[in-house]
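1. this one's structure only:
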C-alpha cells in the first residue's frame, strides 16, 4: 500500500476497537515513568471522582428537563389533533 504512511508502532482503526487484547504492543513505548508518590495519584483520583459526581448530577438534571419538555410537546400535539378532529365532526 503505497498511499498509507503508517508507522509500524501506530495502531490501526481496527486495533483501537479490538478489546480482545487490552494492552497493545506499542503502549509500553509511549509511557513515561513517574517518580510521584501514591498520595498525589489519590488526590487526582479524588478530584476526578468529584468531577464525575458533578457531571452525573448535571446530566440527570438535563435528562429530566428533556423528559418534561417532550411530554409537554406531545400533549400540545394531542391537543391540536383533538381540536382539528372536533371541527370535522
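-> Received it, and whenever you're ready, just let me know what you need. All of these numbers come straight from a predicted model, not from anything done at the bench. Residues are numbered from 1 along each chain as shown.

2. report the rounded mean pLDDT for stretch 43-53.
-> Here stretch 43-53 scores 85 as its mean pLDDT.

3. and stretch 73-84, by the same measure?
-> Mean predicted lDDT for stretch 73-84 stands at 92.

4. which secondary structure elements does the lengthiest helix in the chain contact?
-> Longest helix in the chain, counting residues (DSSP state H): helix 38-87. Where contact means 3 or more Cβ pairs under 8 Å, 6 or more residues apart in numbering; DSSP states H and E, helix 38-87 is not packed against any helix or strand. Any C-beta I mention is one placed from the backbone N, CA and C, and that applies to glycine too.

5. what's the spacing between residue 74 and residue 85?
-> Per Cβ to Cβ, to the nearest Å, residue 74 is found 16 Å from residue 85.

6. hmm, I typed the wrong one, I wanted residue 55.
-> 45 Å.

7. repeat that for residue 50.
-> In terms of Cβ to Cβ, residue 50 sits 53 Å off from residue 85.

8. who touches stretch 65-84?
-> Stretch 65-84 has contacts (Cβ atoms under 8 Å, 6 or more residues apart in numbering) with no other residue.

9. may I see the buried residues of it?
-> By 16 or more other Cβ atoms under 10 Å, stretch 65-84 has no buried positions at all.

10. again, but for stretch 44-51
-> Buried, per 16+ other Cβ under 10 Å, within stretch 44-51: nothing.

11. check what contacts that stretch and list those residues.
-> By Cβ under 8 Å, 6+ apart, stretch 44-51 touches no other residue.

12. against residue 48, how distant is residue 41?
-> Counting by Cβ to Cβ, the gap from residue 41 to residue 48 is 11 Å.

13. same thing with residue 80?
-> 47 Å.

14. next: residue 63.
-> From residue 63 to residue 48 the distance is 22 Å (Cβ to Cβ).
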